[in-house]
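Asks: structural data only, the sequence is not supplied:
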């Protein structure tokens, strides 16, 4: 399909590559600034997610800028567009180069077969190109460099084959293309082919030289210029060869040998050296070192002939063996060796090309972690073995696990599912070692320890029919399961200090081997001794055995744990403990001793120091006396009202008979404790079945404190209203109930939008919203204070307000000047009017203005002095109340405006007195 514009598409899906080959395309982009997109895709074998190499067949896409300096690799992107540099993509079988703005000129596209595995020689692919002028459908047949001559130095009369390769570099097909071959200007023949876009052909001519010396060969595409091509400059190919006179000739029935086994280290050819002349001559034979055809790399491998010097009679032929010694195996590829026979007498050489084909060969090494794998007969055993690719190329191996009867060997991750007995290693590079994790699942029966079970691992090649196997011996490990009756950690209760105690123990061996146990005494309480010693015993597998031990007290024996350990020679052990509970003779008594505050104040009564501080540690002490006949070993704890309280105590671990001690505890009351409450704390000491405790009551001190915070920056603008929100939190443990006073600069007209009474319970918070309008550009200070709150920490909060001046600076501005000007103007009008009336009425001054008019005018201009206030503020709006027209709280006397007197001020609507929370029904009119 030909696009409507000069932007077109080129697709080549008919070509293929050998390993190491490169195919090149050229496109003339005639207009810059437009996109150029190249997409390459090919088929691939399934890989493995665990392999470091995802591709078995790897092609590389390369796009070269017309300047020859910039190169773009496939799938190297930044923000979805191709960039220079980067690495070749070895994971995807689709590669893309996308250039947003392609420069004009000849762009070169290369497709290279980096490597491909498997038995297929050719790798097919598909290439799609879209860009300006790409849709040129004209053909462009051209010669690829080089002429292949079957005999590099042919002799006179020897038929040789001349081979050239032509490729259609254009986007259009060409039918009936004539290609002509000439030797020294003499026509050899003309061949006709048809070519699709991107297609290439090898054309061969058989030619017999008739004269020695240099011969110029020339090949011509479209010699009669019958086809319209993209370029006519690539239609001629020339080559010069040397034709020798009679001498010697080297031939072989099989010039191409293929390595079939990765372990082979030598390959041989049978050659024939023939004297082509009809007279005797002396000859030698030699060879070049192998050269890999894909990249031209030369390998210094050893080679030898069975004989390398000859005396040949006329037309005599001799057989010569040629052996090449190489690594086992060498790297895959096609290798070329040139064997040259030399006629010494005539100084004439004859060459033959030998080809050594090395496919991808498999060779695997299996490495087990040990000669025998130790396994449990009851639970699954995890292990790893390693597989190494000792072949000559990247390849994949299949893994098969052979399980013994009743057992199951499964792959952890390499199989199609966890536990599968078949899986794949994924693609392994040469000499790459892959760890393969498997799980050995037992039958679950108690198989005797030391039993040997045979299993196997088989590795299969995917590139050949070869397999490698190794036997894997599984050895059952000892399973020691010993149960004891009675169970460990029991108690022998109420023992006398001089008691004789026999402890009987039954052992049950549920394991898979006999257990020879040796008892050991790990620990015994004071005053106790073992009578008769500790005897060893044997517990057969699947059977039980009884054992006993006798302990005796010396009259002063104490409580404690008797600890025994039963061990085998190879380290298995089991512990058995028994608590000997001896009746205690301790009699503890406890009484409060002292309270000491941080400032040194102390008292022998818990409430003798007044209220106890909050959030500050203080010390409490108890006197403890053991009035019994035996030592007491107690543990000490203190019971607190809740988790917010904290206390640490220092107490002795033992208290001898008749001894006394002071137990000190450092106590901290949290802020969350209610002020004035009297919580109880209890000191508890318990040990050896004896407990003593003592409870006291504390008085929680009251802490009044608040924290202020400003939600926004304190920045205002001259002449503009500005709102601020301040948060206040009661961080103490007592009620906050105070009136809020706010002091601000004169003329700022500060308004409080929220109630002025701050009532906060401990932990409670509220917000205060204020509004003000600076009348100048000077910075100011706003102070919020809780009235009559000297006992409240941080009862005041000062806000430094940064005022941004207006355009007229920091003066009063037009707004401040407007009122005086207006007043003067009105007074002037009044004066003029009065004078006129005065003249009309005969000069009577009382007729200038009526007193009523003057009063109204004065009131309208607000020129009268404010009436003196009552001096009693409303608890809601903070304005003076109107005497005789106000509400008063019947409980506390707080005064309020009546409804409608001040906008937004209505105590009846609020429902409760803001001072004492009395109901509005108790309001009285005053």
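Replies: Done, it's in. The structure presented is a predicted model; accordingly, all values stated were derived computationally and were not measured.

Asks: quickly list the domain ranges of the chain.
Replies: Listed by automatic domain parsing, the domain ranges of the chain are 7-132, 145-243, 248-358, 364-476, 482-582, 588-697, 706-804, 813-861.

Asks: between the two ends of the longest one, how far is it?
Replies: Looking back up the chat, that one is domain 7-132. Counting by C-alpha to C-alpha, to the nearest Å, you get 4 Å between the two ends of domain 7-132.

Asks: name the nearest residue to residue 797, ignoring sequence neighbours.
Replies: Excluding its sequence neighbours, the residue lying closest to residue 797 (C-beta to C-beta, 6 or more residues apart in numbering) is residue 708, at 3.8 Å. (Each C-beta comes from the backbone N, C-alpha and C, glycine too.)

Asks: and if you look at residue 513?
Replies: Excluding the flanking residues, the one nearest residue 513 by C-beta to C-beta, 6+ apart is residue 449, at 4.4 Å.

Asks: quick one on the thing from earlier: and the domains of the chain: which comes nearest residue 908?
Replies: Closest of the domains of the chain to residue 908 is domain 706-804, at 15.3 Å (criterion: C-beta to C-beta).

Asks: from one end of that closest one to the other, what's the distance?
Replies: End-to-end distance for domain 706-804, by C-alpha to C-alpha: 31 Å.

Asks: now the helix or strand hosting the residue nearest to residue 797: mean pLDDT?
Replies: Here residue 708, judged by DSSP states H and E, is contained in strand 706-710. For strand 706-710, the mean per-residue pLDDT is 92.

Asks: beyond that strand, next helix or strand please.
Replies: Taking DSSP H and E, what comes next after strand 706-710 is strand 715-717.

Asks: in that following strand, which residues are buried?
Replies: Using 16 or more other C-beta atoms under 10 Å as the test for burial, strand 715-717 gives residue 716.

Asks: name every strand pairing with it and say which way it goes.
Replies: strand 796-804 (parallel) (DSSP bridges).

Asks: can you list the buried residues in stretch 152-163?
Replies: Across stretch 152-163, burial judged by 16+ other C-beta under 10 Å covers 152-155, 158, 160, 162.

Asks: likewise stretch 124-135?
Replies: For stretch 124-135, burial by neighbour count (16+ other C-beta under 10 Å) applies to 125-135.

Asks: other residues contacting that stretch?
Replies: 2-3, 6-13, 15-17, 25, 27-31, 34-43, 59, 102, 107, 109, 111, 171, 198 (C-beta atoms under 8 Å, 6 or more residues apart in numbering).

Asks: among those, which are in strands?
Replies: For these, membership in strands holds for 7-12, 16-17, 25, 27-29, 34-41, 59, 102, 107, 109, 111, with DSSP state E as the criterion.

Asks: quick one: neighbours of residue 425, just the number.
Replies: Residue 425 has 22 neighbouring residues, counting by other C-beta atoms under 10 Å.

Asks: that one contacts residue 415, correct?
Replies: No. Residue 425 sits out of contact with residue 415 when judged by C-beta atoms under 8 Å, with a separation of 11.2 Å.

Asks: break down the stretch 801-926 of the chain into its strands, ranges please.
Replies: Ranges of strands in the stretch 801-926 of the chain, per DSSP state E, counting those that start in this stretch, are 886-889, 895-897, 923-925.

Asks: strands paired with the longest one, and their directions?
Replies: Based on DSSP bridges, the pairing partners of strand 886-889 within the sheet are strand 895-897 (antiparallel), strand 923-925 (antiparallel).

Asks: how about the last one: buried residues?
Replies: Spelled out, that is strand 923-925. Buried, per 16+ other C-beta under 10 Å, within strand 923-925: residue 923.

Asks: and that strand, average pLDDT?
Replies: Per-residue scores along strand 923-925 average to 82.

Asks: now do stretch 419-427
Replies: The average pLDDT for stretch 419-427 rounds to 91.

Asks: for it, buried residues please.
Replies: Here stretch 419-427 shows 423-427 as buried, counting by 16+ other C-beta under 10 Å.

Asks: same thing with stretch 756-772?
Replies: For stretch 756-772, the neighbour count (16+ other C-beta under 10 Å) marks 756-758, 760, 762, 768, 770, 772 as buried.

Asks: stretch 182-199 now?
Replies: Under the neighbour-count criterion of 16+ other C-beta under 10 Å, stretch 182-199 has 182-183, 188, 191, 193, 195, 197-199 buried.

Asks: and it, how far apart are its ends?
Replies: Criterion C-alpha to C-alpha; first-to-last residue distance in stretch 182-199 is 24 Å.

Asks: please apply the same query to stretch 655-675.
Replies: Terminal-residue distance, stretch 655-675 (C-alpha to C-alpha): 38 Å.

Asks: same check on stretch 884-897?
Replies: Start-to-end, stretch 884-897 (C-alpha to C-alpha) is 10 Å.

Asks: for the record, mean pLDDT for it?
Replies: For stretch 884-897, the per-residue pLDDT values average out at 81.

Asks: now do it: distance to the chain's middle.
Replies: 70 Å (C-alpha atoms, centre = their mean, to the nearest Å).

Asks: mind listing what's buried along that stretch?
Replies: Buried residues in stretch 884-897, counted by 16+ other C-beta under 10 Å: 886-889, 894-897.

Asks: before we move on, the earlier item: so which of the strands of the stretch 801-926 of the chain gets nearest residue 273?
Replies: Closest among the strands of the stretch 801-926 of the chain, using C-beta to C-beta: strand 895-897, at 133.3 Å.

Asks: touching that closest one from outside, list them.
Replies: Counting by C-beta under 8 Å, 6+ apart, 872-877, 879, 881-882, 886-889, 905-907, 923, 926 sit against strand 895-897.

Asks: any of the residues you listed buried? List them.
Replies: Using 16+ other C-beta under 10 Å, the buried ones in these are 873-877, 881, 886-889, 905-907, 923.

Asks: for the spatially closest residue to residue 560 that is not a sequence neighbour, the count of nearby residues, please.
Replies: In this structure, residue 560 finds its nearest non-sequential neighbour in residue 525, 2.8 Å apart by C-beta to C-beta, 6+ apart. For residue 525, the count of nearby residues is 19 (other C-beta under 10 Å).

Asks: so residue 525 makes contact with residue 554?
Replies: No. The criterion here is C-beta under 8 Å, and residue 525 misses it with residue 554 at 11.0 Å.

Asks: can you tell me the helix or strand for the closest residue to residue 498 other than its chain neighbours?
Replies: Distance criterion C-beta to C-beta, 6+ apart; nearest residue to residue 498, sequence neighbours excluded, is residue 555 at 4.3 Å. Assigned by DSSP H and E, residue 555 belongs to neither a helix nor a strand.
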